[in-house]
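Asks: Structural data only, the sequence is not supplied:
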């Protein structure tokens, strides 16, 4: 599974670790992705991978489990 947000498309980015001596080593920045149960626009419920930025912005509607149902 690729590390990609299914809402906004955020994915792993590449950068450098820069030491005090200005040596550069490649590193990866991973987005903070969560598997969340979401209500889709057609009313169905699906489990999708969403970044926390989309969750905080309210771009998806989480489905909350209720005990006894």
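Replies: Nice, I can see it. Predicted, not measured: the structure shown is a model, and the values here were computed from it.
Asks: Is the most centrally placed residue in the chain bridged to anything, and to what?
Replies: Computing the C-alpha centroid of the chain and ranking residues by Cα atoms, centre = their mean puts residue 51 first, at 2.1 Å. Under the criterion DSSP bridges, residue 51 forms beta bridges with residue 33.
Asks: What distance do you get for it to residue 2?
Replies: Computed as Cβ to Cβ, to the nearest Å, the residue 51 to residue 2 distance reads 13 Å. In this view, the C-beta of every residue, glycine as well, is placed from N, C-alpha and C.
Asks: Roughly how far does the nearest residue to residue 54 once chain neighbours are set aside sit from residue 28?
Replies: Excluding the flanking residues, the one nearest residue 54 by Cβ to Cβ, 6 or more residues apart in numbering is residue 7, at 4.4 Å. According to Cβ to Cβ, residue 7 stands 21 Å off from residue 28.
Asks: more crowded one of these two?
Replies: A count of neighbours by other Cβ atoms under 10 Å puts residue 7 above the other of residue 7 and residue 28, at 17 against 9.
Asks: those strands in this structure, which residues are they?
Replies: 13-18, 24-29, 33-39, 45-51 (DSSP state E).
Asks: ok, the closest residue to residue 62 other than its chain neighbours - contacts?
Replies: Distance criterion Cβ to Cβ, 6+ apart; nearest residue to residue 62, sequence neighbours excluded, is residue 36 at 5.9 Å. Counting by Cβ atoms under 8 Å, 6 or more residues apart in numbering, residue 36 touches 47, 48, 49, 50, 55, 60, 62.
Asks: Residue 53 too?
Replies: Residues in contact with residue 53 (Cβ under 8 Å, 6+ apart) are 5, 8, 10, 31, 32.
Asks: Switch the residues you listed over to JSON lines; also include distance to residue 20 and pLDDT.
Replies: As requested, the contacts of residue 53 are exported to JSON lines (distance: Cβ to Cβ, whole Å; pLDDT from 0 to 100):
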{"residue": "5", "distance to residue 20": "34", "pLDDT": "96"}
{"residue": "8", "distance to residue 20": "35", "pLDDT": "95"}
{"residue": "10", "distance to residue 20": "31", "pLDDT": "96"}
{"residue": "31", "distance to residue 20": "28", "pLDDT": "96"}
{"residue": "32", "distance to residue 20": "28", "pLDDT": "96"}
